Structures are given as structure tokens and as C-alpha cells.
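Asks: Need the 3D shape of this:
(chains A and B)
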Number of protein chains: 2
Amino acid sequence: MFKIGLLGLGVVGTGTAEIIQSEGRHPLLKEIAIQRVGVKNLTKPRQIQFPPGVMTTDLEAIATDPELDIVVELIGGLEPARSLILKAITAGKHVVTANKAVIARYGDEIFAAANAAGVYVLFEAAVGGGIPVIKPLKQSLGVNRITSVIGIVNGTTNYILTQMATAGADFAAVLARAQELGYAEADPTADVDGLDAADKIAILTSLAFQGRVKREEVHCEGIRQVSAADINYAQKLGFGIKLLAISQKTNPKADTLQVRVHPTLVPKEHPLANIHGVNNAILVEGEPLGQVMFFGPGAGAGPTASAVVADILNIVGILVSGGKTKQLDPLLSCSHQHYCTVTPIAELETGFYARFLVRDVPGVIGDLGTSFGKYDVSLSSVVQIGQHDELAEIVVVTHQVREGNFRQALEEIRDLKAIASIPSILRVL
Amino acid sequence: MFKIGLLGLGVVGTGTAEIIQSEGRHPLLKEIAIQRVGVKNLTKPRQIQFPPGVMTTDLEAIATDPELDIVVELIGGLEPARSLILKAITAGKHVVTANKAVIARYGDEIFAAANAAGVYVLFEAAVGGGIPVIKPLKQSLGVNRITSVIGIVNGTTNYILTQMATAGADFAAVLARAQELGYAEADPTADVDGLDAADKIAILTSLAFQGRVKREEVHCEGIRQVSAADINYAQKLGFGIKLLAISQKTNPKADTLQVRVHPTLVPKEHPLANIHGVNNAILVEGEPLGQVMFFGPGAGAGPTASAVVADILNIVGILVSGGKTKQLDPLLSCSHQHYCTVTPIAELETGFYARFLVRDVPGVIGDLGTSFGKYDVSLSSVVQIGQHDELAEIVVVTHQVREGNFRQALEEIRDLKAIASIPSILRVL
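Replies: Predicted coordinates:
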């Protein structure tokens, strides 16, 4: 019998315990028992019951309990999660966690400790909720030369953008409704500002490109600035707007990457344009594989718990079969020392969508053409799309251009007399 | 160094050898060497070269060569593939295969032998080409109570149906073009009659439902009868037509399944309706997970070789880490003894699409309603959709009905004087 210590009994912790305690799901579940459960508050009413003595508020005692084989960290946040994970590793325990923030920021420290201690740290639930994507990247796609990973990895923002598109409502109204429904947190910052997605793409990058990236090097823009008007115009031009997390090799011969999170116009026929609501999808492209996509529920107690228990069973499967292993299976452990070089956003080659409010349409179109042309920004379309009082609305979509050049052209355009304002600038996939 | 014997050097075999011999793809590739390659013809010109003595026509000598750790079977077909796999197992070698026909038919025998010999038989490439789906089903989704697996698992037929839909061309013309392009074989039977898809759904079923199904119990209909007219009418009604391979639990409390392959009307908003061309996708639904989908290239040398090499590396990862294992990892090995009960197609509950050529429209609509009503077949729509000479074309779509009842009603309708013929009967997802 393998003994599990559970840190945290929130929705995912409860879901995890329910799966482990239920009958007939998987023969290996008979080999494991939840021995300790660490919570903040012992008197809070719970959906699930444990024998006396199992629950405790002393989380550190769980991390270091010599009887436990696996510690499952589901408290989230940076501290004390990071310290507890490191203590469990030092105490020789395998660790399963759903904590994207800790893995994205302290993966280096954590995997160095785990490799030294000869224990596994698995984290399938950290990205994509119930979607198997971490393990496929480690175990199934590793021989490919990956060129890009593009994901919709935050269900809250995808729900908000989907609602904005279908109801034509603005960001603030949809966010309020999402908060009522429990799809967005009271403090929505981590989701709507793209921080959660940035954690996740940092993790996916380190697996896909066999080199880590520093979390602070992930360029990150959220969806607060996306308006219903832009979604509407984008649809008319044949695009949906999605918050994409993108990691892309910029040079096939070197370890240089672009890693970024931002709202993006996605052509309607692209597989990611059809991912709606709280779903997530991760598209991986490589050679010789081509494109594969993993799609499913990106959050929620059940799907996330499914991923957590799968990680537990993976470790149990190895323990059952291998006994004392000589070393870690290199396809399941993580390397950590090597870092990829992240190139500055100014060097990105991408398409842009920009919306201008202008005073004089015929004059301004010539001026836009001149300014963009000066900086090698080639335009794919220029459309007068609406009228606001005295001002006309012009939407420009560019071909692939260097971001730095586009920004320089924009600075010049901002000073043109005919330009009243530039309410939106979005990238195009 | 782990030594590989390769049986077969066709497109997938060549792709596999090229990945193994290339540099810088994966650190573990340094641990393996291709020691023997078995082919039919030693003098045929090859894309890839091996040192003298590596290639041989004696496949059996490879299967039993005491120096080899892993035998990779890529010759396809039933024999001698089955016998060679069994011989390699008996000789204590791990086996990797892309052979869906052998695994679907002889899985029982093969996994019994593998479990007795303590070796792994991995077959990721047998379903979905380069898409990781076998391993996720084994390792990541196992704690879920799976309710259905629905897949587009044959790229050739999906390519043909996609071309028929976009070009409005009929089956025979598109098949001929697909054969020219190499997307369909000279003898297209296994693909267009659904036999390949039936092999694959038999394999997916045995993994998803933890019980095998007999290959001959898979109900199987191909796409030869699908006409451009039906695709056109289906589109007007909001459906695409796809060859689906479906495995569905019919009773949550029992091991009874419906397992079938047939052309199916799929609502346009369904994720599988948007899988086009030679791509494959497998949608798995379970509790508590919800729906996850795996999408990607379902065939081709590169993707299939990617899956084959991933399986090889999985075994090497275990050998590197575990040394001599006590027993097989239960999440990677396969059980084999338990069989699920497949219920007869007459008991299927499904929607139907039927197209009638009729002589007298007003009269026949009443008659159809009466006959269907008599057998509890409830209609969702009845539309007069075209006119052929003297005959009118009527398309009926039903709600979910028992297949047996629908067929009985149809027998009665076939005898109505106003019915000239019933050119198409298709199921609706």
C-alpha cells in the first residue's frame, strides 16, 4: 500500500480525494491510501470525511512525514507551496502538484532537488486541467523538432471572449457575469491580465524546447483592452479574438524563442478559432509530426482531479513495477539547467490589426500608407468600418512585419493631424 | 546501448530509422542503435544506408536474436507479423508495432504472452498516426469512467469525404484522384469499407473500457454508398458527413458496449465536424473529465515514425531507470482476459437520415408519418429537397430511435406504392 499526503482540500483536493476513495475506477487505486490531509481549518464543514487523525493543520509535518510515499500539493500560490514541495523532495517523497505558478517560477530549483533526491515531481494538472498535454510532450513528442506551441490555456478569459463575441457585450459586463457564475475569481487579475497563461506557456516551453525560460521574460498582455467593437470588426474580417499563449522557435539552428501571451486575431478556419467557452486547447507543431492539438476542459474540480490522480497512478505504477529504481526515467523527470534565449518582442515577426479614429478619411489613408511604407510595414487591408460622431473608424490589417518597425510607424502616425486616436492594436496569428 | 531490430523498411520503417540515426533530437536516442533490419529484398535501392551485415531477409532470425532488446514490427498485415511478434516476445524482447490489424485481432494472445514474458508491447502508431492517444488512454485517463470514444481514425476516407463536400464530386471520382495522390491505396477496401477504422476502434475500446472486444463484433459500414447528393443535403440541414468509429457504453452499470463504424451525419458545431482532409481526431468522454479531443495527422511516414520512436524511447527510459524490473508497469502493459459484451446493432439508439424518391409527395408524407409512428420512430424533420424527373426527393431526419424499430418501419415503407426507392440511409450523431 502506498501512502499519500494531501496538502489542501479545496475543490481540486476534494475532487482528488473523491476519486481515490471511489470504487471500481482503476485497479491501481486499491494500492493507495490517503494517510494525511493538510488544511487551514479543521472545523470547516467538508463534502468528504476522513478517519480521525488524518486531517491536520500542520502542513510541514505532512511534507516530512517518513511514512508517506507521495505528497500531493494542491494549496496553490507561491508560498508555502514552494517550501513544502522542496521539503517533501528532500524527505525523499515523490510530489504531484497542480501549481503552475510554482513550477513556472521555481522549476529550476524544484527539478534540481528532485533529480538529486531521485524522486519524481509530476504536474499534469498545472496546464490544461484535465487535458493530457504535459505527459504527451515529455513522452510522446520528444523526438520531434518542435517549432511552436500555441495554446488557449486560460478558461476564464476564453469564456469571457466567447461571451463577448456571442452576446456583443463589453468586457466589464461579461467579467461581472463570469464572477457571478464562478468562472472568474473575485480578483480576476491572474486570469484577465494573462499571468496565469504566462505561467503555463513558460511550463510548456520548457518541455517542448528542452530548455527553460525565465518567467519574467514571457511578454504578457491581458484582455482588458479588448472591446466588443474589435471582436465585431475582427469577425467581419474573418477572425476570432483569442488570448493565445505562444512559444515559437525563431531560428531553427539556435535556442532562441519568442514567448508571449496576448489577445490575438485568429483566422476562422484555424483549429484554435473554434475553441469556445471554458475549454482549453494546445496546438503543437513540429517535424516530422506536423500539427497535433489537445483539446478539453481546462479547469474545474473533476478534470483537474483526473489529471492529479493520473500523476499519482503514474508514480504508483513505477513503484509497483520497478521497486528501488537505479535512476529516474529520463522521459518522466525534468531537466532544469539549460535556459533558452528569449528574443525581445520588438524582434517579433507578426501581423497586426489596428483601429484608428480619424478626422479625414481620404487624406489619412494616403498618410497611413506612407508612414507604414517608410518602416517596411506592408498592409493586407485598410477598411473604413464605422463612423463615430465626427470621426470615421479605419481598421488596418498588416502582413507579417517586424514588431519594432510597426511600433515606430505607429509613433509617427499618432502625430498625424488627421488621427484622433488609436483605440486598439492587436496581433494577428 | 540498447539494440533494436527493425522488421520492415517501407515508408514508416525508413522514417523510424531516419529519426533514430539523426542528431540532436533527443538525448535518449544516443542510447539506442539499429542492429538488424529485416527486409524482403536486399537489392532494392533505399533512401537510407546501414553498415554491412545489418540488413537481412531472415526476419525470424531478428525476432529471436539474443543480442536485441527491442523488436520493432513495421511489416504490417496479419502474417508473418503476428508470428514474428510472438516469437520476439517469447525470446524476451520488448516489442513496438504500428500494426492495428494484428493488435485488434490477436491482442489477447499477444498481451498474454507479453505479460507472461515480462515484456512491453507498445503500439501508439497503430491508431491516429502521430497523435498521442494510446498512451494518454492508458496513463492519463484511466481513472475516468469513460462513456464514449468517438473517432475519425481513417485519414483516407476523411480526405475523400472532405473532397466530396468541397468539390461536390462523387465517391468514385474522388477515390481515383486520392489514389493518384497516394492518399488511397490501389486496393482501397480496408479504408473505404471501414475495416481499418474497425481495427482501430476495437483497440481504443479495449483501452478505454478496460475490456477487450472481438474484432468480428464491430459493426462496420464503409463510405461507398455515400453520395455527393447526401453530403449536399446534410450540409443544408446543418450536418457534415464523417466516417466515425464509435464505442459507447450502453449501460453505466454493466460492461455492455455499442461498437461500430459507419458514415454519420455530424452537427456542424460538433468538434468532429471540423476535422478535414487526412487528419484524424479522437474524442473521449468520461466522468469526471468531460470531453477531451486529440487531433492531428492520422497517417504518413513522419507522424507514424514519431509515434514508433516515442514507444521505443518509452521502453528505453524504463530500461535505463529500472534495470531489471520486478513486474511490468500496469499503466503501460495491457490486460487481455476480460471481454466486454457488444450489444446488437438493432438495439442501438441513434438518429437516422433517410432519403426517399417518391411519386406522390402529399400522400407519402402522411404515410411516412403513420408507418414511423407505428414503430415509435419520432421524426425531427421531413423536407422535400429536390426533384428528379417524375420523382420528388424527400429527406427525413429522426430523433433518437431504436435501430431495430427504424428498420422495421423502413421495411413497411419500402412497400408503399408512392415510394420509388430509398437511395440512402445514414445515422446521425
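Asks: going forward, measure contacts between C-alpha atoms and count neighbours the same way
Replies: Will do.
Asks: Can you pull out the low-pLDDT segments for chain A?
Replies: A:323-326, A:336 (pLDDT under 70).
Asks: Tell me where it has helices.
Replies: For chain A, the helices defined by DSSP state H occupy A:11-21, A:59-64, A:81-90, A:100-117, A:134-135, A:155-167, A:171-181, A:189-192, A:195-208, A:228-236, A:301-322, A:361-374, A:403-414.
Asks: want to try JSON lines for those helices, with mean neighbour count as columns?
Replies: Compiled in JSON lines, these are given as follows (neighbours: other CA atoms under 10 Å in any protein chain shown):
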{"stretch": "helix A:11-21", "mean neighbour count": "21"}
{"stretch": "helix A:59-64", "mean neighbour count": "22"}
{"stretch": "helix A:81-90", "mean neighbour count": "22"}
{"stretch": "helix A:100-117", "mean neighbour count": "20"}
{"stretch": "helix A:134-135", "mean neighbour count": "22"}
{"stretch": "helix A:155-167", "mean neighbour count": "23"}
{"stretch": "helix A:171-181", "mean neighbour count": "16"}
{"stretch": "helix A:189-192", "mean neighbour count": "18"}
{"stretch": "helix A:195-208", "mean neighbour count": "26"}
{"stretch": "helix A:228-236", "mean neighbour count": "18"}
{"stretch": "helix A:301-322", "mean neighbour count": "25"}
{"stretch": "helix A:361-374", "mean neighbour count": "16"}
{"stretch": "helix A:403-414", "mean neighbour count": "17"}
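Asks: neighbours around the closest residue to A:Leu357 other than its chain neighbours, how many?
Replies: Of all residues not flanking A:Leu357 in the chain, A:Glu393 sits nearest, at 4.7 Å (CA to CA, 6 or more residues apart in numbering or on different chains). If you count neighbours by other CA atoms under 10 Å in any protein chain shown, A:Glu393 ends up with 20.
Asks: For A:Glu393, which residues are in contact?
Replies: Counting by CA atoms under 8 Å, 6 or more residues apart in numbering or on different chains, A:Glu393 makes contact with A:Arg355, A:Phe356, A:Leu357, A:Val358, A:Gln384, A:Ile385, A:Gly386, A:Gln387.
Asks: Among these, which are located in strands?
Replies: Counted as lying in strands by DSSP state E, out of the contacts of A:Glu393, are A:Arg355, A:Phe356, A:Leu357, A:Val358, A:Gln384, A:Ile385, A:Gly386, A:Gln387.
Asks: still on that earlier bit, so how far is chain B from the residue nearest to A:Leu357?
Replies: According to CA to the nearest CA, to the nearest Å, A:Glu393 and chain B sit 33 Å apart.
Asks: Of the helices of chain A, give the one that comes closest to B:Gln179.
Replies: Proximity to B:Gln179 (CA to CA) singles out helix A:195-208 among the helices of chain A, at 35.8 Å.
Asks: got the angle for the closest one vs helix A:100-117?
Replies: With axes from the mean of the first three to the mean of the last three CA atoms, to 10 degrees applied, the angle from helix A:195-208 to helix A:100-117 works out at 30 degrees.
Asks: could you check whether helix A:195-208 is close to chain B?
Replies: No: Helix A:195-208 does not reach chain B (CA under 8 Å from any CA of the partner chain); its nearest approach is 11.3 Å.
Asks: by how many degrees do that helix and helix A:155-167 diverge?
Replies: Using the same axes, to 10 degrees: helix A:195-208 against helix A:155-167 is 120 degrees.
Asks: Give the other helices and strands that helix A:195-208 contacts.
Replies: The contact analysis (3 or more CA pairs under 8 Å, 6 or more residues apart in numbering or on different chains; DSSP states H and E) places helix A:195-208 against helix A:100-117, strand A:145-152, helix A:189-192, strand A:219-220, strand A:239-249, strand A:256-267.
Asks: and the third one, how far out from the chain's middle?
Replies: Centroid separation between helix A:189-192 and its chain, computed with CA atoms, centre = their mean, to the nearest Å, is 11 Å.
Asks: Now it - C-alpha only, CSV.
Replies: As requested, the backbone C-alpha atoms of helix A:189-192 are provided in CSV (Å, rounded to 0.1, in the frame of the first residue of the first chain):
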residue,chain,number,x,y,z
THR,A,189,-6.0,39.8,-12.3
ALA,A,190,-4.1,36.5,-12.8
ASP,A,191,-6.6,35.4,-15.4
VAL,A,192,-7.5,38.6,-17.3
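Asks: number of nearby residues for the nearest residue to A:Val284 once chain neighbours are set aside?
Replies: In this structure, A:Val284 finds its nearest non-sequential neighbour in A:Val149, 4.6 Å apart by CA to CA, 6+ apart. Residues lying near A:Val149 (other CA under 10 Å) number 24.
Asks: Sounds good, over and out.
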